[in-house]
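Colleague: Need the 3D shape of this:
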Amino acid sequence: VKEVVNAFHEFLGSVFWTQILPYRIHKEPQRFIQRVQVILRWIRFLRFAFPLFRMGIKLQDQVRSVFKTRRQRWTSDMARQLRLDRP
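Modeller: Numbers count the residues shown, from 1 in each chain. From the prediction side, this is the model:
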């Protein structure tokens, strides 16, 4: 299991340095800094987007529960009215 974890970490490291941040700071400092800024911008966006997404899910659950309660109340009111209307 430890070998698999180490291999996965090596794979993540190689992907990070070859795909996400391929520039070397001593060879291309301007490109390196620009890429770091892009990465930080994505991190800031995700820090904002994930809690907003969770809030949206919670709001959707609340709205669904309100509509479910209304539907149940309407159904029970209709059933009660049918019972009262019987001769």
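
Colleague: Check which residues of stretch 18-35 are buried.
Modeller: Tyr23, Phe32 (16 or more other CB atoms under 10 Å). The way it works is simple: take the backbone N, C-alpha and C, and place the C-beta from them, glycine included.

Colleague: chain center to the helix or strand bottoming out on mean pLDDT in the chain: distance?
Modeller: Between all helices and strands in the chain, the lowest mean by mean pLDDT, DSSP states H and E belongs to helix 2-15, at a mean of 91. Relative to its parent chain, helix 2-15 has a centroid offset of 25 Å by CA atoms, centre = their mean, to the nearest Å.

Colleague: Return the list of helices and strands in contact with it.
Modeller: Counting contacts by 3 or more CB pairs under 8 Å, 6 or more residues apart in numbering; DSSP states H and E, helix 2-15 is packed against no other helix or strand.

Colleague: could you dump that helix to CSV, C-alpha only?
Modeller: The C-alpha trace of helix 2-15 is given here as CSV (Å, rounded to 0.1, in the frame of the first residue of the first chain):
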residue,chain,number,x,y,z
LYS,A,2,2.8,2.4,0.8
GLU,A,3,4.4,1.8,-2.6
VAL,A,4,1.1,2.7,-4.3
VAL,A,5,0.8,5.9,-2.2
ASN,A,6,4.4,6.8,-3.0
ALA,A,7,3.9,6.1,-6.7
PHE,A,8,0.7,8.2,-6.7
HIS,A,9,2.5,11.1,-5.0
GLU,A,10,5.3,10.9,-7.6
PHE,A,11,2.7,10.9,-10.4
LEU,A,12,1.0,14.0,-8.9
GLY,A,13,4.4,15.7,-8.5
SER,A,14,5.4,15.0,-12.1
VAL,A,15,2.0,16.2,-13.4
